[in-house]
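1. I would like the atomic coordinates for the input below:
(2 chains)
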2 protein chains.
Amino acid sequence: MARKTSLSGFPEWLPEERLVELHVLDVLRESFELHGFSSIETRAVETVGQLLRKGEIDKEVYVVSRLQEDEDTAPAERGDDQLALHFDLTVPFARYVVENGGHLAFPFRRYQIQKVWRGERPQEGRAREFTQADIDVVGDGALPFRYDVELALVMIDALSRLPIPPFVLRVNNRKLAEGFYQGIGLQDTAGVLRNIDKLEKIGPERVAQALCDEVGATPEQAQAALQLAAIRTEDTSFVEQVRALGVNTQLLEEGLGELAEVVGEASRRAPGTVVADLSIARGLDYYTGTVYETVLVGHEQLGSVCSGGRYESLASTGKKTYPGVGLSVGVTRLVTRMLSQGMAAPSRKVPTAVLISLVDEESWSPAQDVAQQLRERGIACEVSASAAKFGKQIKYAERRGIPYVWFTVRGEDGSLAHEVKDIRSGEQVSADPASWSPPAEDLRPVVRAAGS
Amino acid sequence: MARKTSLSGFPEWLPEERLVELHVLDVLRESFELHGFSSIETRAVETVGQLLRKGEIDKEVYVVSRLQEDEDTAPAERGDDQLALHFDLTVPFARYVVENGGHLAFPFRRYQIQKVWRGERPQEGRAREFTQADIDVVGDGALPFRYDVELALVMIDALSRLPIPPFVLRVNNRKLAEGFYQGIGLQDTAGVLRNIDKLEKIGPERVAQALCDEVGATPEQAQAALQLAAIRTEDTSFVEQVRALGVNTQLLEEGLGELAEVVGEASRRAPGTVVADLSIARGLDYYTGTVYETVLVGHEQLGSVCSGGRYESLASTGKKTYPGVGLSVGVTRLVTRMLSQGMAAPSRKVPTAVLISLVDEESWSPAQDVAQQLRERGIACEVSASAAKFGKQIKYAERRGIPYVWFTVRGEDGSLAHEVKDIRSGEQVSADPASWSPPAEDLRPVVRAAGS
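-> Residues are numbered from 1 along each chain as shown, chains lettered A, B, ... in the order given. Coordinates of the predicted model:
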């Protein structure tokens, strides 16, 4: 990881690093499928109009145009209809649902693992090209709140299967926050949230000042908002703490009930992995209820590695609305940290378990027969490209971390004798290409947490 | 597939279609790994200078720029350093090898499965965004010819595992063609190849005319070039047919020997799947020896679904050269045809094998316990979101193609009784969440060839 890529913000992995990323992707896919989520992908581009419908991120979007287009493009194509690379998978998914609504069974559960692009200033944790792994459930017209609870459980299950440090899912609820702000007389709830979102970055004093300056809060109102944001519990005791602040609105009550359901169920099933954190705001405008983010314990400065929330009207045709709830794993952010901290490593660098060596140049084709027999039983192998000295062929395997080398020798009577050598132990035994298998742990490279 | 996507040239699949694509991708990955290829990915963007270093495709490239960039971008960034989406995976791979040469073990075997983009006019078989699955082997300074044979065998193995019609790998060799053209006195061999490449599209008469008009061939030379291009054999008998044309150069002999090695070995191992086709030219300028393309029998008009070749100097630092040989599967082209012709279909639309039903609203959390027990044994399941009538919950499963519904009923003595119903047969049996499993064929959606 001392290695620098040639284009800042566009990470590329070496094969052994890619094995760690692949492991993360495979585990997430497997987990999502075990929970009944279907895979889809959306195209990499959306119209600028679609992308900017929600949120204020126009500076971060990469637009695309054909190289020769400049001269012959009508001005219209440079407006809302211009194509740009998607910056997340939620907005494209909403468009996909609206377009394909008639072909989907609702509530529709999908996972989506793809690259996204943002023109941000690169730093660890913030790349310009990165992979996200999303799950969402959307309903046709309505979606039971219970899915907000379920999605938290799915992600806790998925993340628990990864070779990463303990994590904490921080949950809040926009209804709770907005109901509270309204209850203390602050009407610009979006403005309050936007400032509360900066709490971790700039601290309570400057947030209080900004609330007074920008949202027109009195010092008392600002203090009340900060008191709410300071509440943090690993169980549902946050409900009492909020009530003790003496504010009462219907929206606040609704939010309290919802958040208690998520935190109650998740903390009962996975104690210590969930926190009701009333400072969580999440930047995106489209969230309307539950909001989630996830930090790795000891790596809080990295930012959230898995975030999301409930949205009521992101996907909408005018006539129809598809409310949804979703969570997104920042795969690249997570993998970058896993690699830079050596959290996990593959048992070897290549898929190959066995190198079939050559005794002479004519034995290449029979060696392919041996390889084919092994592959039929799921054993990954390669055949040497030339009949160099055995020592050199063994070196080739060693350099790659291939654990076994296969030898085929023609006896004086013309019969073939096969032997296989474990080049780590030096042990060499007779073997039948039709039945020999390596021990299960040598079959494929296995990614394990460091120290395990 | 009557469904039209909203942006022409950017295909998007429904979940059941995506299962077919995922199956193709999984089979290719598994095959490539069994042959010892390591996974890598490269970033989606390259500099325009890098992309246009070889070949004449500048009209097809999509450049990217930040939305707000226009005003504040230095003119330099709009030249060779401008970023553009890659149009294949070979050019980015060559750049990756040069940049990471010191960290790789050579010969380096990699596979790479990613989206690529071309600004082409969309039609079936030609999308603007599509997925390619590439394998390449590159050497440090030199690469034994034997890899040209091996890569053909790897692809024949990989494609044979897919639920597609029989295919034919058509192979030719640029040395053979160029040696022959030189032998008959045509020096602009690239010009001849470019015209021979149009043979299937415009026919021999017009190619002969173009050879005379554009490459300065005499009618006799044009006829000789066409005679060579007409040779097509399923074994190495093409060698005799070429020799019968009475041309003799060292380069031609070298090409004949190489092509005979590829076709000899491949036809011996997989009779009927390989053809020496001396009309194959492949457009790309960087090929220097073996060239491959692959057609589905009965779908020749679709064009090649798997192409590639040998390149001596695509990856080069000036001091160092990394010659390579590779093949690329046009996954999107293949899958689009598989779907439009109904060549393969999944056994069900969703990963879910079991729907855990709810007897009342309070049973959601215990139902999650049952689900967790099943998932621990790899059984994909979902829990009903509400305790609707059982008939309605069964309908939910039916609509999605979920084969089993699980019922948990609390007996009068407080004990829990579990039953599971196969909703296709109606059979309902007692089941223990700690041990019940569906038959293996119901565990996951399985993609099968139509009629199998």
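
2. need the residues of the stretch 251-400 of chain A near chain B, please.
-> Within the stretch 251-400 of chain A, the residues that sit near chain B (CB under 8 Å from any CB of the partner chain) are A:265, A:268-269, A:349-352, A:364-365, A:368, A:372, A:375, A:378-383, A:385-386, A:399-400. Heads up, the C-betas are built off the backbone N, CA and C, glycines and all.

3. again, only this time at 10 Å
-> The stretch 251-400 of chain A has residues A:264-265, A:268-269, A:349-355, A:361, A:364-365, A:368-369, A:371-372, A:374-376, A:378-386, A:396, A:399-400 near chain B, with proximity defined as CB under 10 Å from any CB of the partner chain.

4. quick one: the strands in the stretch 301-450 of chain A?
-> Taking DSSP state E, counting those that start in this stretch, the strands of the stretch 301-450 of chain A run over residues A:306-316, A:321-330, A:344-346, A:354-356, A:381-383, A:404-410, A:416-422, A:428-430, A:447-449.

5. Return the mean pLDDT over stretch A:116-129, rounded to an integer.
-> Averaging pLDDT along stretch A:116-129 gives 84.

6. Same question for stretch A:28-41.
-> Mean predicted lDDT for stretch A:28-41 stands at 98.

7. and the end-to-end length of that stretch?
-> 15 Å (CA to CA, to the nearest Å).

8. for stretch A:411-427, same thing?
-> 21 Å.

9. what pLDDT, on average, does that stretch get?
-> Stretch A:411-427 comes out at a mean pLDDT of 92.

10. quick one: that stretch to chain centroid distance?
-> Offset of stretch A:411-427 from its chain centre (CA atoms, centre = their mean, to the nearest Å): 45 Å.

11. ok, and what's touching that stretch?
-> A:354-357, A:363, A:366, A:369-370, A:374, A:390, A:394-395, A:397-398, A:401-410, A:428-434, A:436, A:438-439, A:442 (CB atoms under 10 Å, 6 or more residues apart in numbering or on different chains).

12. helix or strand for residue A:213, which one?
-> For residue A:213, the host element (DSSP states H and E) is helix A:199-215.

13. Just the helices from the stretch 1-150 of chain A, written as ranges.
-> Along the stretch 1-150 of chain A, counting by DSSP state H, counting those that start in this stretch, helices occupy A:15-34, A:48-51, A:69-72, A:90-100, A:146-160.

14. lowest-confidence stretch among the ones you listed?
-> helix A:69-72 (a mean of 53).

15. for chain A, what helix or strand is lowest in average pLDDT?
-> helix A:69-72 (a mean of 53; mean pLDDT, DSSP states H and E).

16. Of all the helices of the stretch 1-150 of chain A, which one is nearest residue B:305?
-> Nearest to residue B:305 among the helices of the stretch 1-150 of chain A is helix A:15-34 (25.1 Å), distances taken as CB to CB.

17. From the chain's centroid, how far away is that closest one?
-> 10 Å.

18. what angle sits between it and helix A:146-160?
-> 150 degrees (axes from the mean of the first three to the mean of the last three CA atoms, to 10 degrees).

19. In helix A:15-34, which residues are buried?
-> Of the residues in helix A:15-34, A:15-25, A:27-34 count as buried by neighbour count, 16 or more other CB atoms under 10 Å in any protein chain shown.

20. Spell out for me which residue occupies the centre of chain A.
-> Residue closest to the average C-alpha location in chain A (CA atoms, centre = their mean): residue A:329, at 2.6 Å.

21. can you pull the pLDDT of the residue nearest to that one when sequence neighbours are not counted?
-> Of all residues not flanking residue A:329 in the chain, residue A:133 sits nearest, at 4.2 Å (CB to CB, 6 or more residues apart in numbering or on different chains). Note on residue A:133: pLDDT of 98.

22. pretty sure residue A:133 is touching residue A:30, no?
-> No: using CB atoms under 10 Å, residue A:133 is not in contact with residue A:30, being 11.6 Å away.

23. Look up the residues that both of these two are in contact with.
-> residue A:158.

24. about what we covered before: can you show me the CA trace of the helix holding residue A:213 as PDB?
-> C-alpha atoms of helix A:199-215 as PDB (Å, rounded to 0.1, in the frame of the first residue of the first chain):
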ATOM      1  CA  LEU A 199     -21.300  18.500  15.000                       C
ATOM      2  CA  GLU A 200     -18.500  16.000  14.900                       C
ATOM      3  CA  LYS A 201     -16.500  18.200  12.600                       C
ATOM      4  CA  ILE A 202     -16.800  21.700  14.200                       C
ATOM      5  CA  GLY A 203     -18.000  21.000  17.700                       C
ATOM      6  CA  PRO A 204     -21.100  22.200  19.700                       C
ATOM      7  CA  GLU A 205     -20.100  25.900  20.200                       C
ATOM      8  CA  ARG A 206     -19.800  26.600  16.500                       C
ATOM      9  CA  VAL A 207     -22.900  24.600  15.700                       C
ATOM     10  CA  ALA A 208     -24.800  26.700  18.300                       C
ATOM     11  CA  GLN A 209     -23.500  29.900  16.800                       C
ATOM     12  CA  ALA A 210     -24.500  28.700  13.300                       C
ATOM     13  CA  LEU A 211     -28.000  27.800  14.500                       C
ATOM     14  CA  CYS A 212     -28.400  31.300  15.800                       C
ATOM     15  CA  ASP A 213     -26.900  33.000  12.700                       C
ATOM     16  CA  GLU A 214     -28.300  30.800   9.900                       C
ATOM     17  CA  VAL A 215     -31.600  29.300  11.200                       C
END
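
25. Which other helices and strands does it contact?
-> With contacts taken as 3 or more CB pairs under 10 Å, 6 or more residues apart in numbering or on different chains; DSSP states H and E, helix A:199-215 sits against helix A:189-196, helix A:219-229.

26. Tell me which of those helices sits most buried.
-> helix A:189-196 (a mean of 21; mean count of other CB atoms under 10 Å in any protein chain shown).

27. hang on, isn't residue A:290 packed against residue A:175?
-> Yes: counting by CB under 10 Å, residue A:175 is a contact partner of residue A:290 at 8.8 Å.

28. Looking at those two, which has the bigger crowd around it?
-> residue A:290 (29 against 23; other CB atoms under 10 Å in any protein chain shown).

29. which residues does that one bridge with?
-> residue A:173 (DSSP bridges).

30. next one: residue A:344
-> Under the criterion used (DSSP bridges), residue A:344 bridges to residue A:449.

31. And it, how close does it get to chain B?
-> 16 Å (CB to the nearest CB, to the nearest Å).

32. Report the contact partners of that residue.
-> A:19-20, A:23-24, A:162-164, A:335, A:338, A:447-452.

33. can you list the helices of the stretch 1-150 of chain A in CSV and add distance to chain B?
-> Compiled in CSV, the helices of the stretch 1-150 of chain A are given as follows (distance: least, CB to the nearest CB, whole Å):
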stretch, distance to chain B
helix A:15-34, 4
helix A:48-51, 7
helix A:69-72, 8
helix A:90-100, 6
helix A:146-160, 5
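
34. And those helices: which comes nearest residue A:62?
-> When the helices of the stretch 1-150 of chain A are compared (using CB to CB), the closest one is helix A:48-51, at 10.2 Å.

35. follow-up on the earlier one: among the residues of the stretch 251-400 of chain A next to chain B, name the ones in helices.
-> The members of these that map onto helices under DSSP state H are A:264-265, A:268-269, A:364-365, A:368-369, A:371-372, A:374-376, A:396, A:399-400.
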